[in-house]
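Asks: let me see the structure of the following:
(2 chains)
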There are 2 protein chains.
Amino acid sequence: MKKKVIVLGGDGFCGWPTSLYLSGLGYDVTIVDNLSRRKIDVELECESLTPIKPMSSRLAKWREVSGEDIRFYYFDVARHYHRLLTLIKELEPMAIVHFAEQRAAPYSMKSSYHKRYTVDNNLNATHNVLCAIVESGLDVHLIHLGTTGVYGYGTAGIQIPEGYLKVKVDAGGTDEEMKIMYPPHPGSIYHMTKTQDALSFLYYNRNDGLRITDLHQGIVWGTNTNETMLDEILINRFDYDGDYGTVLNRFLMQAAIGHPLTVHGTGGQTRAFINIQDTVKCIRIAVENPPEHGEPVKIFNQTTECHNILELAKQIKKLCGAEIKYYVNPRNEDEKNDLNFCNDNFLKLGLNPITLNEGLMNEIHDIAKKYQNRCDISKIICTSRWRSDLLIDTKGSTRPVIKTSFEKAV
Amino acid sequence: MKKKVIVLGGDGFCGWPTSLYLSGLGYDVTIVDNLSRRKIDVELECESLTPIKPMSSRLAKWREVSGEDIRFYYFDVARHYHRLLTLIKELEPMAIVHFAEQRAAPYSMKSSYHKRYTVDNNLNATHNVLCAIVESGLDVHLIHLGTTGVYGYGTAGIQIPEGYLKVKVDAGGTDEEMKIMYPPHPGSIYHMTKTQDALSFLYYNRNDGLRITDLHQGIVWGTNTNETMLDEILINRFDYDGDYGTVLNRFLMQAAIGHPLTVHGTGGQTRAFINIQDTVKCIRIAVENPPEHGEPVKIFNQTTECHNILELAKQIKKLCGAEIKYYVNPRNEDEKNDLNFCNDNFLKLGLNPITLNEGLMNEIHDIAKKYQNRCDISKIICTSRWRSDLLIDTKGSTRPVIKTSFEKAV
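Replies: Predicted coordinates:
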């Protein structure tokens, strides 16, 4: 019998290619999704640059090209607890991969509605899954998509470990070693929910012995995987808007349509990256390597390299001939930071990372060119902001924008 | 003009005496409450030992005896965001005291419904308050009731500091000092929500400059304060049931009606305590001493002493002539632990703690005797449990119950 996996949020940017990849590998895959990502497109009056087909068409095409069936259930993991519970009991999956969270930092900062939606959706979704696994009485391995942002984007001064940090505490004159969760430094409401999820994992792991893997993923770049390339109907999302677009994809798309590359602030930010093809491989590795019974929450840094944003922009400028513009940073963050992540866990388990290369960047650039007629250029600039006193800059300038000091009325 | 304070959850065990105390001191007090505590009484088919009058009677009596008006709004802070926002804008309070959370660890563990209710209610309530203060644009000091349980009930081996812990981290061969939030060790879903609240505070303090005081309170004992004693209609709650009753009050009430004192496990647990009269004083001190602008979240340990549970039971046995019985511990916790809390912040600001004394214990015992005819003895034993494999022990035994090792099917 095939091994069963439930993919919560299996219609999204990471969930969809993961579902196809696992299905192609011989897993019996069931997708649960409330199609919230498509509905947010309606709200934002913006669509994926690549044309996304309805779920039924996607699944029918997958059946045709692969011979594999993927089940699909339409419900809300954060709301429909009992449906989730009965599904787990019915299927008895070996693992649940949990992507069912609002995943964009800028979207989570748009307004009080968006902050509240992100908190309510993400925390209840994660807690419902944990609660349902316990109530089912089954031994289901939960794999959760976190973010490298839980560690914060300041300069840590150390290589950031995988979830846990060794520290020394003064216990009455002598230093005692302790292993703690790396101190959380959330930089947006979205990131905050992921640090709060981590406490739910800590608790359910300790109290109920749940086996949990938390994957702190870097910024995903790329669009297609081997599976989504099999037919245009299977194509993955390519978000280019200021809320859901990820920085490298945005730059490549901006270059493709002749829009200036939108660097925020000075571009001094360093961020962690991973290609979408590695995302799906990491999920497979996590599914295949569950924690032992009694093991603490397993935390992997799901990221393969770090890059400085301005350097990235320059590389793309060179590759595709784009102009660079600097915009007031809508984020409340350090103007400049260094980052260095340990990712030994995945490397040891056989991940052979795809790093930034011109071939792949050209491929993404070509996809963007192919679908450029679908682009609404008014959606490119990020209009979400971290505080109401931060300017929305739709013009940009040719010189780096230095942060003005935070002077708030309070 | 009077200083305005909103008390969220002002109908509850701590909220009600706090509201009266602040009103008596000359603050303009507005209570917001969805009366959830009274509704949970309906669900649990159990009532406060002391007779609790409807809110309108309470407020009318307070007006009569004090000459002071307290406004009351009936809505749900976790749900009715816009009402909360408009209220803050209308009143422009100097401070909001936030008790609007489900506060019983056993209740939070009763079933998946209760776990989910606690998470949904507590996290959304806290986040809504933070979000509304930011949206209001006003400079409102938020005072939140946390719990000493966020630090965990293991033996820390150090005096537990007030919220923050100094540690040393190896930064490439040299130790660097860091001040971190004390690593969270939640022992129940209820406690988990309080550790998650702390991350919301961290975020809103850093991103929006909100001024926040988080009070990590010990187990409250006692019933009345000077204000609730003014008339029987103003009397405070006295919960004796297995979910909401706090240990010392439960023991005193059990002694009053001739029920064995219900010690869980071996009674080796040590817990932090505070008298209800000190709770209200601590809130006043917190209101009067807001953090500076730009100051990190201010964290106080709102507790005055630590006691071993078995020693407490023995003291009450001696005082009131009760029998002691040992019950299988429904909690997943250490059989025995030591605790030592720093509470310098409140002491420095003038708190003169009421510590455990026979006079006060006798007073509580007398209240319990007075209302013993209202007791439903079937509600005394705790029937909530931390895992489904833990026995519900309604009989008890004369000897300490040693924990059986955790052997779960998973």
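
Asks: burial of whichever residue of chain A sits closest to chain B, as a residue count?
Replies: Nearest residue of chain A to chain B (CB to the nearest CB) works out as residue A:167 at 3.8 Å. C-betas here are computed from N, CA, C, even on glycine. Other residues within reach of residue A:167, judged by other CB atoms under 10 Å in any protein chain shown, total 23.

Asks: how about it, nearest residue that isn't a chain neighbour?
Replies: Closest residue in space to residue A:167, ignoring its immediate chain neighbours: residue B:167 at 3.8 Å, by CB to CB, 6 or more residues apart in numbering or on different chains.

Asks: okay, and that neighbour sits in which element?
Replies: Residue B:167 is part of strand B:164-171, with elements assigned from DSSP states H and E.

Asks: please identify the buried residues of that strand?
Replies: B:165, B:167, B:168, B:169 (16 or more other CB atoms under 10 Å in any protein chain shown).

Asks: contact partners for the first one?
Replies: I take that to be residue B:165. Applying CB atoms under 8 Å, 6 or more residues apart in numbering or on different chains to residue B:165 gives the contacts A:169, B:179, B:180, B:181, B:182, B:183.

Asks: so the first one sits against residue A:176, correct?
Replies: What that stands for is residue A:169. Yes - using CB atoms under 8 Å, residue A:169 is in contact with residue A:176, at 5.4 Å.

Asks: now do the shared contacts for these two.
Replies: With the criterion set as CB under 8 Å, 6+ apart, the contacts of residue A:169 and residue A:176 do not overlap.

Asks: any idea where the strands of the stretch 301-410 of chain A begin and end?
Replies: A:305-308, A:324-327 (DSSP state E, counting those that start in this stretch).

Asks: out of those strands, which is the most enclosed?
Replies: strand A:324-327 (a mean of 20; mean count of other CB atoms under 10 Å in any protein chain shown).

Asks: which elements pack onto that one?
Replies: strand A:261-264, helix A:309-320 (3 or more CB pairs under 8 Å, 6 or more residues apart in numbering or on different chains; DSSP states H and E).

Asks: how far off centre is the last one?
Replies: Right, helix A:309-320. From the chain centre to the centre of helix A:309-320 is a distance of 23 Å (CA atoms, centre = their mean, to the nearest Å).

Asks: can you name every helix or strand that that helix contacts?
Replies: helix A:247-257, strand A:261-264, strand A:324-327, helix A:358-370.

Asks: make JSON lines out of the ones you listed and add mean pLDDT.
Replies: As requested, these are exported to JSON lines (pLDDT from 0 to 100):
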{"stretch": "helix A:247-257", "mean pLDDT": "96"}
{"stretch": "strand A:261-264", "mean pLDDT": "97"}
{"stretch": "strand A:324-327", "mean pLDDT": "97"}
{"stretch": "helix A:358-370", "mean pLDDT": "92"}
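
Asks: what bridges to the residue nearest to residue A:167?
Replies: Bridge pairing for residue B:167 (DSSP bridges) gives the partners residue A:169, residue B:178.

Asks: from the centre of chain A, point out the most distant residue.
Replies: residue A:173 (43.4 Å; CA atoms, centre = their mean).

Asks: what would the strands of the stretch 301-410 of chain A look like in CSV with distance to residue B:348?
Replies: Output for the strands of the stretch 301-410 of chain A, formatted as CSV (distance: least, CB to CB, whole Å):
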stretch, distance to residue B:348
strand A:305-308, 45
strand A:324-327, 47
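
Asks: among those strands, which is nearest residue A:397?
Replies: Checking those against residue A:397 by CB to CB gives strand A:324-327 as the closest, at 5.5 Å.

Asks: what residues does that closest one touch?
Replies: So strand A:324-327 is contacted by A:260-267, A:310, A:313-314, A:317, A:381-382, A:393, A:395-401 (CB under 8 Å, 6+ apart).

Asks: quick check: phi and psi at residue A:382.
Replies: Dihedral angles of residue A:382 (phi, psi; degrees, to the nearest 10) stand at phi -80, psi 120.

Asks: not counting its neighbours along the chain, what's nearest it?
Replies: Nearest to residue A:382 is residue A:242, by CB to CB, 6+ apart, at 3.1 Å.

Asks: that neighbour: how many residues sit nearby?
Replies: For residue A:242, the neighbour count with other CB under 10 Å is 23.
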